[in-house]
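Model the following, please.
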Amino acid sequence: MLGGGVMEVLFNREFWEERRLHREKIINSIQSFIKQPRREALIEIIGEIWALRFTYKDLEWYANERVLKYMSLEELAESFKLLLDEEKPLSERLGIKIPGFGSGAVSEILFSLNPDKYPVYNRKFVIGAKKLGYKINNLDHVVRLTPETLDALIKVHERIVLDFLRLKEEIEKKIGNYIPRFDFTDALLWKVAQDEISVRDVLSWKVTKRSTIDAEIIEQVLSVLGKGFLKYLELVNSGEPEDSAREKASFYIEGLLDAYGVDPEKAEEIFGYLAELLEEIVNRGGV
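Model (predicted):
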């Protein structure tokens, strides 16, 4: 079954190209604003971000009354520069408050920066994920993005990627291009939330049979997780803030997996299974 009927939009090359160009425009607009902070450039950024464009029609009013009323152009430029700086820990980057830019706008900026690393948070995510049967727990109403809420958001999106990997691969095969992980999930959830594609049609693509994973790889991943947890405890006990310790331990785990030569997709699949198992144990009161 390929892109027939209501699912056809997902198999359209122009649809995914438009989304790629959207991300490029956001990042280019912000980088131009950082170099030369101007009111017109700020309005251009607001007009590019879907989370703002579709909510507020009078962009000039929004720029004046919701943004510049509380922060100068120069301060905004510094805040955007920090948000885009991948060298800084997320705790620092998400610790800044950019007036007028809530969780949806901030997540969309990060998503535009790296759609394989950062997913989008918006009402369409909440509606779409629930329609497809996913538990989103404390992600119902996220006003401000934090490292903790971003981590929880990533876990839900990663689960969706795994569950609908067959659909993603078929779309990529049809259009002849790679689709970033969270570009796929955002587009899928958006279309489900809008009722542009039916839940029934989407669920027909859901992977029901788990792939076989070599026991040696599982042991390697569990060993790496153990070392990563010990690294986290070591950092916390040495006085490192918890947010920073978690982020550094996460990078440490990524480095170890790479050193062991573990396929990232296999590791991600194991993480998903482990998360499900731990959730079941907690729900049963086993810990």
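
SS state for Val126?
At Val126 the chain is in helix, as set by DSSP: H, G, I helix; E, B strand; the rest coil.

Could you check how far Pro218 is from Leu167?
For the record, residue 218 is Ile, not Pro. Taking CB to CB, to the nearest Å as the measure, Ile218 and Leu167 are separated by 26 Å. (Each C-beta comes from the backbone N, C-alpha and C, glycine too.)

These two: which has the busier surroundings?
Each of Ile218 and Leu167 had its neighbours counted (other CB atoms under 10 Å), and the higher figure belongs to Leu167 (22 against 15).

Show me the contact partners of stretch 242-254.
Contact with stretch 242-254 is made by 89-91, 147-148, 151, 224-225, 227-229, 231-232, 235-236, 240, as judged by CB atoms under 8 Å, 6 or more residues apart in numbering.

buried ones in the helix or strand bottoming out on mean pLDDT in the chain?
Using mean pLDDT, DSSP states H and E, the weakest-scoring helix or strand in the chain turns out to be helix 264-283, at a mean of 75. Neighbour-count burial for helix 264-283 flags 266-272 (criterion: 16 or more other CB atoms under 10 Å).

Go through those residues and name the one nearest Pro37.
Of all those, Glu268 has the smallest distance to Pro37: 38.9 Å, by CB to CB.

check which helix or strand covers the closest residue to the closest one other than its chain neighbours.
Residue nearest to Glu268 in three dimensions, not counting chain neighbours: Glu158, with 6.2 Å by CB to CB, 6 or more residues apart in numbering. In the assignment (DSSP states H and E), Glu158 maps to helix 147-163.

Pull that helix out as PDB, backbone CA atoms only.
The C-alpha coordinates for helix 147-163 follow below in PDB (Å, rounded to 0.1, in the frame of the first residue of the first chain):
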ATOM      1  CA  PRO A 147      15.300  20.500  29.300                       C
ATOM      2  CA  GLU A 148      12.900  18.100  31.200                       C
ATOM      3  CA  THR A 149       9.900  18.800  29.000                       C
ATOM      4  CA  LEU A 150      12.000  18.700  25.800                       C
ATOM      5  CA  ASP A 151      13.400  15.300  26.900                       C
ATOM      6  CA  ALA A 152       9.800  14.000  27.500                       C
ATOM      7  CA  LEU A 153       8.800  15.400  24.100                       C
ATOM      8  CA  ILE A 154      11.700  13.700  22.400                       C
ATOM      9  CA  LYS A 155      10.700  10.300  23.900                       C
ATOM     10  CA  VAL A 156       7.200  10.500  22.500                       C
ATOM     11  CA  HIS A 157       8.400  11.500  19.100                       C
ATOM     12  CA  GLU A 158      11.000   8.800  19.000                       C
ATOM     13  CA  ARG A 159       8.300   6.200  19.900                       C
ATOM     14  CA  ILE A 160       6.200   7.500  17.000                       C
ATOM     15  CA  VAL A 161       9.200   7.300  14.600                       C
ATOM     16  CA  LEU A 162       9.800   3.600  15.600                       C
ATOM     17  CA  ASP A 163       6.100   2.700  15.300                       C
END
